[in-house]
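Enquirer: Got a sequence here, can you build the structure:
(chains A and B)
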Amino acid sequence: AQSVTQLGSHVSVSEGALVLLRCNYSSSVPPYLFWYVQYPNQGLQLLLKYTSAATLVKGINGFEAEFKKSETSFHLTKPSAHMSDAAEYFCAVRHNQGGKLIFGQGTELSVKP
Amino acid sequence: GAVVSQHPSWVICKSGTSVKIECRSLDFQATTMFWYRQFPKQSLMLMATSNEGSKATYEQGVEKDKFLINHASLTLSTLTVTSAHPEDSSFYICSASSGLAGGENRPPRDTQYFGPGTRLTVL
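Expert: Residues are numbered from 1 along each chain as shown, chains lettered A, B, ... in the order given. As a prediction, the model looks like this:
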């Protein structure tokens, strides 16, 4: 069975500091992995995705993630946090049948001035 | 591109009534649409997968007769919450994906694009 685990339900960083949100996956087949962001009372916006091409994936708003098969990880990073990055972030793996997404528990990112 | 809308954005209804939520893909044809439910401070829970022209596939524990899903066209899916009760109050989010290979004016098929969500409150 496929699954994702996000380590840390809440991460707090200072403005300008490095953002690191952790995601580990479990999959018996090569995974398709996604990071989504959700602002309060809104739907999810795709940040980036890994689909077996380059292991370092660049997304929108300066975010990137690196697929590491040996560590079964797909951590999300951003070199310098902005106040506008404060939101809920979800890591997801695409199920190998039917295309449904399996989401992690989510990580709330707070950015302090 | 790849815009998904939901209507209404919020709805308040009395217990026992039915509520219909629409999900539309505005600029692409969505062969598959998904319906999720999200409780406060929690992750998304998939309720059902809907393919155009066929019956929806419901996740275990989701009542088919309570949450009616219709996917009559390649751009529209509806979720009807029948005989709603206060415990059905939640944030409902749909997503859409294209079953075709990505190309000009067509999002890649491996990606789901999400609507803005509908807040349902049942009194």
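
Enquirer: switch to C-alpha atoms for all contacts and neighbour counts from now on
Expert: OK.

Enquirer: Go through stretch B:12-19 and flag the buried ones.
Expert: B:13, B:15, B:19 (16 or more other Cα atoms under 10 Å in any protein chain shown).

Enquirer: show me what contacts the second one?
Expert: So that's B:Ser15. B:83-86, B:122-123 (Cα atoms under 8 Å, 6 or more residues apart in numbering or on different chains).

Enquirer: Show me which of those are buried.
Expert: Counted by 16+ other Cα under 10 Å, the contacts of B:Ser15 give B:84-85, B:122 as buried.

Enquirer: Let me know the closest of those residues to chain A.
Expert: Checking the buried ones among the contacts of B:Ser15 against chain A with Cα to the nearest Cα, the nearest one is B:Val122 at 17.3 Å.

Enquirer: so that closest one touches B:Val19, yeah?
Expert: No - B:Val122 sits out of contact with B:Val19 when judged by Cα atoms under 8 Å, with a separation of 9.7 Å.

Enquirer: Would you mind listing the residues touching both of those two?
Expert: B:13, B:84.

Enquirer: what residues are up against the nearest residue to B:Ala96 once chain neighbours are set aside?
Expert: Once flanking residues are discounted, B:Ala96 sits nearest to B:Met33: 4.3 Å by Cα to Cα, 6 or more residues apart in numbering or on different chains. By Cα under 8 Å, 6+ apart, the residues touching B:Met33 are B:49-51, B:71, B:77, B:94-97.

Enquirer: related to what we said a few turns ago, now, which of the buried ones among the contacts of B:Ser15 lie within helices?
Expert: Of those, none are assigned to helices by DSSP state H.

Enquirer: beta partners of A:Val111?
Expert: Beta bridges link A:Val111 to A:Val13 when assigned by DSSP bridges.

Enquirer: Next, count neighbours for it.
Expert: Residues near A:Val111, counting by other Cα atoms under 10 Å in any protein chain shown, number 19.

Enquirer: how close does it get to chain B?
Expert: In this view, A:Val111 and chain B are 18 Å apart by Cα to the nearest Cα, to the nearest Å.

Enquirer: Most proximal residue of chain B with respect to chain A?
Expert: Closest contact between chain B and chain A, by Cα to the nearest Cα, is at B:Pro116 (3.9 Å).

Enquirer: how deep is that residue tucked in, by neighbour count?
Expert: When neighbours are defined as other Cα under 10 Å, B:Pro116 has 26 of them.

Enquirer: Surely it and B:Ile93 touch.
Expert: Yes - contact criterion Cα under 8 Å: B:Pro116 and B:Ile93 qualify, at 6.8 Å.

Enquirer: Show me whatever sits in contact with both of those two.
Expert: Counting by Cα under 8 Å, 6+ apart, the common neighbours of B:Pro116 and B:Ile93 are A:Gly43.

Enquirer: I'd like the average pLDDT over stretch A:89-109.
Expert: Mean pLDDT, stretch A:89-109: 88.

Enquirer: typo on my end, stretch B:2-21
Expert: 95.

Enquirer: can you list the residues of chain A near chain B?
Expert: Residues of chain A lying close to chain B by Cα under 8 Å from any Cα of the partner chain are A:41-46, A:90, A:99-100, A:103-106.

Enquirer: which of those lies closest to chain B?
Expert: A:Gly43 (3.9 Å).

Enquirer: Identify the residues contacting that closest one.
Expert: B:93, B:114-117.

Enquirer: Go again with 6 Å.
Expert: Counting by Cα atoms under 6 Å, 6 or more residues apart in numbering or on different chains, A:Gly43 touches B:114-117.
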